[in-house]
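Trainee: Sequence plus the predicted model coming up.
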Amino acid sequence: MGDDATEFDRTSTEDLRDRAVELARQRWDLRFFWRLLGLVPAAEAAAGNDRASEASVAQLSGFVYEALSAETDPGVQEALRPVYVQYLLDHGDEAGDTGPGTGETGPGGTSADPGGAAPGGARSGGTDGDRPS
């Protein structure tokens, strides 16, 4: 690892990004992409770009919404239904407060249950650090 660290120190951030993204693409490493997307708003804020951070959140949520809306298979939509229900139970319908209950939240408004639910009620294996808050 020592040699790798030295090589990484001499490599531009742009090249590191390109190499990491290409490797993740080859490995179909969705967790890496999800983590990266979740870190973009925080990186924008750390760089002092508060407005860009807010815009990143809006843009990323738009990408996810478009991807989910493009899915036309009713079976896939129904398989995702428990995830939508659990999210609304955990967080309430804060946009309009029309849903049932608000559920418990942890620090920063995140779910008190960090495991999250996957389609069909299965538990995901990630931690809060693996996906955006």
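Mentor: Nice, I can see it. Numbering: from 1, shown residues only.

Trainee: in the longest helix along the chain, what counts as buried?
Mentor: Using DSSP state H, we find that the single longest helix of the chain is helix 50-70. Neighbour-count burial for helix 50-70 flags Ala52, Ser53, Ser56 (criterion: 16 or more other CB atoms under 10 Å). Bear in mind the C-beta positions are built from the backbone N, C-alpha and C, glycine included.

Trainee: Tell me the one of those nearest Glu22?
Mentor: Within those, proximity to Glu22 (CB to CB) peaks at Ser56, which comes in at 22.3 Å.

Trainee: burial of the closest residue to the closest one other than its chain neighbours, as a residue count?
Mentor: What sits nearest to Ser56 in space, not counting adjacent residues and going by CB to CB, 6 or more residues apart in numbering, is Pro41, at 4.5 Å. A total of 22 residues lie near Pro41 under the criterion other CB atoms under 10 Å.

Trainee: how near is Pro41 to Ala52?
Mentor: 8 Å (CB to CB, to the nearest Å).

Trainee: that older thread, tell me the angle of the helix or strand containing the residue nearest to Ser56 relative to helix 50-70?
Mentor: In the assignment (DSSP states H and E), Pro41 maps to helix 30-46. The directions of helix 30-46 and helix 50-70 differ by 150 degrees, with axes from the mean of the first three to the mean of the last three CA atoms, to 10 degrees as the criterion.

Trainee: so which helix or strand takes in Arg19?
Mentor: For Arg19, the element it lies in under DSSP H and E is helix 13-27.
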